[in-house]
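A.B. asks: Here is my input, please return the structure:
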Amino acid sequence: MKILKLNLVMLSLLITAIAWGQNVSLPAGSANPNNAGQNNVALGGESLSGLAGGIWNVGIGQNTGKSTIGTGFPNLTGSFNTFIGGNAGRDNVSGIRNMYLGLNAGRSSNGSDNIFIGTRCGEEIGSTSLGVPDVSNTLLIGTSLRLDAPLIYGEMVNNQVGIGTSQVGGYRLAVGGSLGVRSEAPDENTYLDLNASKTQDWASQIRFFGTNGLRHVIVDDQDNNRLMIRPGFDDNTGALSILHINGSTLVGNGSVSTPEGYKLYVTEGILTEKLKIADASGIDWADYVFEEDYDRNTTDEVEAFIKANKHLPNVPSAKEVSENGIDVAEMDATLLRQIEELWLHVIELKKENEALKAEMTELKK
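C.D. replies: Numbering: from 1, shown residues only. Take a look at the predicted model:
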């Protein structure tokens with residue numbers, strides 16, 4: 001109880017001293033008593049011992065904000081800094097608005113508007129002896145001594161964040177390594193949402209880069225209301241092949257559109273080991289040729305038609321195929337019709353041939 005009362009008294013004295021614009025140092029030998037600063041709090045051996053006019057600084061821990069750099073000791077003129085942890089912000093001279101939390105955090109830095117959190121976080125940043133550049137407006141969380149591979153990195157001016165990397169480029173968020181999205185709850189879904197503020201053009205994109213730059217792109221093409229995949233960029237000048245999806249699918253050059261009435265269009269052809277076509281539209285298969293009432297063309301009629309049209313009856317011409325293409329199932333049924341008609345002609349010829357043989361046999365008797 002006596003210790004609690006003593007601590008409360010000390011806290012009251014600290015608040016009173018700060019309110020009156022005084023520097024507060026515990027123990028003796030912390031903040032330099034001859035400095036011109038105001039409203040500074042130093043708790044710990046030689047904490048803020050280099051004060052030379054700075055105001056509203058807080059140093060908690062051995063050597064925090066000691067400022068021993070240079071020959072003009074005491075030389076701490078920076079203000080509005082908070083250093084917590086042994087040697088945190090030790091070499092800061094003129095940096096302002098910094099917060100260093102952790103043993104040796106920001107030890108060598110003289111930058112401003114930095115936040116370093118973690119044991120030895122940013123310890124070597126700003127070290128002239130090691131030749132490490134200083135930084136300002138930077139967030140570091142973790143135990144990385146420099147900017148390489150921090151747990152969390154932030155550029156506060158541009159509101160950019162790096163996880164495991166300080167190379168954020170032009171991105172709001174950059175991740176050094178793999179990125180996973182996982183749900184711990186057994187019945188909870190996981191989502192990766194891209195919400196663009198634009199309502200036109202290629203508003204949302206997923207882009208893939210290699211050592212030579214941009215490689216592939218998945219695009220929400222809002223102008224054409226379609227999902228577009230552009231794989232295989234060639235020296236960043238354009239895609240070698242394109243996939244469009246907007247109710248129907250196009251694989252091929254981007255200047256080609258999917259013909260109306262079709263769900264898939266592929267330029268330059270398809271290579272497959274197996275193809276099966278379902279009779280969902282009720283194909284009129286050619287078995288009707290064998291019905292008794294089927295009106296088959298005679299050979300004379302076929303001959304006359306070929307001479308006049310240069311193609312078989314009931315078969316599309318080369319011009320029609322060029323303009324409209326062919327339906328594979330319908331064409332198979334058409335060709336089967338021709339084959340079945342040929343077989344009927346062959347059967348008929350066989351019967352005629354057998355009749356002639358029988359007549360010849362009778363004449364030879």
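
A.B. asks: for the chain, which helix is longest?
C.D. replies: In the chain, with assignment by DSSP state H, the single longest helix is helix 328-364.

A.B. asks: Quick check: the gap between Val302 and Val251.
C.D. replies: 41 Å (C-beta to C-beta, to the nearest Å). C-beta coordinates here come from the backbone N, C-alpha and C atoms, glycine included.

A.B. asks: mind listing the helices in the chain by residue range?
C.D. replies: Along the chain, counting by DSSP H, helices occupy 2-19, 299-309, 318-324, 328-364.

A.B. asks: From the rest of the structure, what touches the third one?
C.D. replies: The contact list for helix 318-324, computed with C-beta atoms under 8 Å, 6 or more residues apart in numbering, reads His311, Pro316.

A.B. asks: Let's see it as PDB, backbone CA atoms only.
C.D. replies: Coordinates of each C-alpha in helix 318-324 appear next as PDB, following Å, rounded to 0.1, in the frame of the first residue of the first chain:
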ATOM      1  CA  ALA A 318     -19.300 -24.900-100.900                       C
ATOM      2  CA  LYS A 319     -20.600 -21.400-100.900                       C
ATOM      3  CA  GLU A 320     -23.200 -22.200 -98.200                       C
ATOM      4  CA  VAL A 321     -20.600 -23.900 -96.000                       C
ATOM      5  CA  SER A 322     -18.200 -20.900 -96.400                       C
ATOM      6  CA  GLU A 323     -20.900 -18.400 -95.400                       C
ATOM      7  CA  ASN A 324     -22.700 -20.400 -92.700                       C
END
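
A.B. asks: buried sites along that helix?
C.D. replies: Neighbour counts over helix 318-324 (16 or more other C-beta atoms under 10 Å) mark no residue as buried.

A.B. asks: Contact partners for Ser183?
C.D. replies: Asn189, Thr190.

A.B. asks: ok, now with 10 Å
C.D. replies: Counting by C-beta atoms under 10 Å, 6 or more residues apart in numbering, Ser183 touches Asn189, Thr190, Tyr191.

A.B. asks: Most neighbours among those, please name it.
C.D. replies: Within those, most neighbours by other C-beta atoms under 10 Å means Thr190, with 9 neighbours.

A.B. asks: Return the residues in contact with that one.
C.D. replies: Gly180, Val181, Arg182, Ser183.

A.B. asks: can we see that at 8 Å?
C.D. replies: Val181, Arg182, Ser183.

A.B. asks: For Leu192, see how far away the first one is.
C.D. replies: If I follow you right, that is Val181. The gap separating Val181 from Leu192 is 6 Å, by C-beta to C-beta.

A.B. asks: ok, and the closest non-adjacent residue to the spatially most central residue of the chain?
C.D. replies: Note on the chain: the residue nearest the mean C-alpha position is Ile206, at 4.3 Å, using C-alpha atoms, centre = their mean. Leaving aside its sequence neighbours, Ile206 sits nearest to Ile218 (C-beta to C-beta, 6 or more residues apart in numbering; 4.3 Å).

A.B. asks: do the same with Arg226
C.D. replies: Leaving aside its chain neighbours, Arg226 sits nearest to Asn246 (3.1 Å; criterion: C-beta to C-beta, 6+ apart).

A.B. asks: looking at it, the one you found is touching Ile229, isn't it?
C.D. replies: No - Asn246 is beyond contact range of Ile229, at 12.0 Å (criterion: C-beta atoms under 8 Å).

A.B. asks: okay, the two: which has more neighbours?
C.D. replies: Ile229 (16 against 13).

A.B. asks: which residues does the more buried one contact?
C.D. replies: His216, Val217, Ile218, Val219, Ile242, Leu243, His244, Ile245.

A.B. asks: Please report the distance of it from Arg207.
C.D. replies: 12 Å.

A.B. asks: in the longest helix of the chain, what's buried?
C.D. replies: Ala329, Ala333, Thr334, Arg337, Gln338, Glu340, Glu341.

A.B. asks: Check the gap between Val328 and Val289 for me.
C.D. replies: Distance from Val328 to Val289, by C-beta to C-beta: 20 Å.

A.B. asks: And for His345?
C.D. replies: 11 Å.

A.B. asks: what does Val41 give?
C.D. replies: 103 Å.

A.B. asks: Between those two, which has more neighbouring residues?
C.D. replies: Neighbours were counted for Val41 and for Val289 using other C-beta under 10 Å; Val41 has more, 22 against 16.

A.B. asks: What pLDDT is listed against that one?
C.D. replies: As predicted, Val41 sits at a pLDDT of 84.

A.B. asks: give me the beta-bridge partners of it?
C.D. replies: Val24, Val58 (DSSP bridges).

A.B. asks: Against Trp56, how distant is it?
C.D. replies: 9 Å.

A.B. asks: sorry, back to before: can you check which residues contact both of Ile229 and Arg207?
C.D. replies: With C-beta under 8 Å, 6+ apart as the test, Ile229 and Arg207 both reach His216, Val217, Ile218.
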